[in-house]
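Asks: sequence and predicted model, in that order:
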Amino acid sequence: MLVVDAIKKHYAGVAALDGASIEVEPGESVGLVGPNGSGKSTLLNVASGFEQPDEGKVRLLGNDVTGKEPWDVAKLGLVRTFQHAHLPTKMSVMDLMLVGGQLARGETIRHSLFSWSRVRDEEAAATDKAWSILDRIKLDKLASHPGGNLSGGQQKLLSLGMALMGDPKILLLDEPTAGVNPSLRVQLAEHLRTLQAEGVTVLTVEHDMRFISDVCDRVYVLDRGRMIASCAPSELSDHPEVLEAYLGRSGSKAVASSAAKKENS
Ligand SMILES: Nc1ncnc2c1ncn2[C@@H]1O[C@H](COP(=O)(O)OP(=O)(O)OP(=O)(O)O)[C@@H](O)[C@H]1O
Ligand SMILES: [Mg+2]
């Protein structure tokens, strides 16, 4: 479904990505974790066309999409959400949903001016689809509210809803649970599992390891721009490099020696 191959990306001398690679199979739910600043968002940006890599390749469904614009990548079925939603505060929830659908379809002024009856039918279909997604994510009662008035957690759900308007084959989510209360977090996990059951491939960047364990089959770990592990979520704590990335060398030694003590006792 998605291959990110040996990507290098520098910002003014900082190596955000230093040869990082991932592969995501169709129908998988894959996690991407790593300490702050390890390059997770940069990897999503490169995979979705929002940033150009300095080196390396991105392939989506067998197509080379390296350096392609985000809207071209979206047309092939890759839709992503952002770590910080930044929704236009005054637009209503319904309008934001409809914009999500239009962006994914590649709306043009020419199309709007000269094919207005088709546009009218498409708008009716888009509105029906938006209602059914809002119903699914339980935001239907807030459809006429300004997006900016929603709580942080509801804005995260709305971002997911807007992404679903684009009928993604693969969904890239950047920290979907940040600022989300525990009950919405459970709802989000359920939505992701349902989407996976419906055949949508999911790549989730997260700091919340419980969420990763709940929704992911496999997890990649980034540290300072390099991929240091790929394993089942339950195996993360067995990786010395992962412990070291999160805790530093002394912390990982302390964890290892307390584990050894436990085993001996
Ligand atoms: N547009 C940019 N300009 C300059 N430096 C950047 C830019 N984007 C990212 N970086 C740097 O690249 C590195 C990786 O950043 P990135 O945002 O990808 O990390 P992250 O793993 O998503 O972190 P977090 O968990 O805090 O969201 C950091 O050192 C960051 O400061
Ligand atoms: Mg990030």
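Replies: It's in. Ligands and ions are numbered 1, 2, ... in the order given.

Asks: give the next helix or strand downstream of the one helix or strand residue 59 maps to.
Replies: Assigned by DSSP states H and E, residue 59 belongs to strand 55-60. Of the helices and strands lying after strand 55-60 in sequence (DSSP H and E), the nearest is strand 63-64.

Asks: ok, that following strand: who's next to it in the sheet?
Replies: In the sheet, strand 63-64 lines up against strand 55-60 (antiparallel) (DSSP bridges).

Asks: contacts for the partner strand?
Replies: Strand 55-60 has contacts (C-beta atoms under 8 Å, 6 or more residues apart in numbering) with 1-8, 17, 19, 21, 46-47, 64-66, 73, 76-78, 170. (C-beta placed from N, C-alpha, C; glycine too.)

Asks: now list the buried members of the residues you listed.
Replies: Members of the contacts of strand 55-60 that pass the buried threshold by neighbour count (16 or more other C-beta atoms under 10 Å) are listed as 1-5, 7-8, 17, 21, 46-47, 65-66, 73, 77-78, 170.

Asks: which of those fall within strands?
Replies: 2, 3, 4, 5, 7, 8, 17, 21, 78, 170 (DSSP state E).

Asks: residue 88 against residue 162, yeah?
Replies: No. Between residue 88 and residue 162 there is no contact under C-beta atoms under 8 Å: 11.5 Å.

Asks: now do the shared contacts for those two.
Replies: By C-beta under 8 Å, 6+ apart, residue 88 and residue 162 have these common neighbours: residue 96.

Asks: neighbour-wise, which of the two wins?
Replies: Set residue 88 next to residue 162 and count neighbours by other C-beta atoms under 10 Å: residue 162 wins out with 25 against 11.

Asks: that one belongs to a helix?
Replies: Yes. Applying DSSP: H, G, I helix; E, B strand; the rest coil, one finds residue 162 inside a helix.

Asks: relative to ligand 1, how far out is it?
Replies: For residue 162, the distance to ligand 1 (C-beta to the nearest ligand atom, to the nearest Å) stands at 20 Å.

Asks: also residue 25?
Replies: As judged by C-beta to the nearest ligand atom, residue 25 and ligand 1 stand 23 Å apart.

Asks: contacting residues for the residue lying closest to that residue once chain neighbours are set aside?
Replies: Distance criterion C-beta to C-beta, 6 or more residues apart in numbering; nearest residue to residue 25, sequence neighbours excluded, is residue 1 at 6.1 Å. Going by C-beta under 8 Å, 6+ apart, residue 1 touches 24, 25, 26, 27, 28, 60, 61, 169, 170, 201.

Asks: make JSON lines out of the residues you listed and add pLDDT.
Replies: As requested, the contacts of residue 1 are arranged in JSON lines below (pLDDT from 0 to 100):
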{"residue": "24", "pLDDT": "98"}
{"residue": "25", "pLDDT": "97"}
{"residue": "26", "pLDDT": "97"}
{"residue": "27", "pLDDT": "96"}
{"residue": "28", "pLDDT": "97"}
{"residue": "60", "pLDDT": "97"}
{"residue": "61", "pLDDT": "96"}
{"residue": "169", "pLDDT": "96"}
{"residue": "170", "pLDDT": "97"}
{"residue": "201", "pLDDT": "98"}
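
Asks: nothing else from me, thank you.
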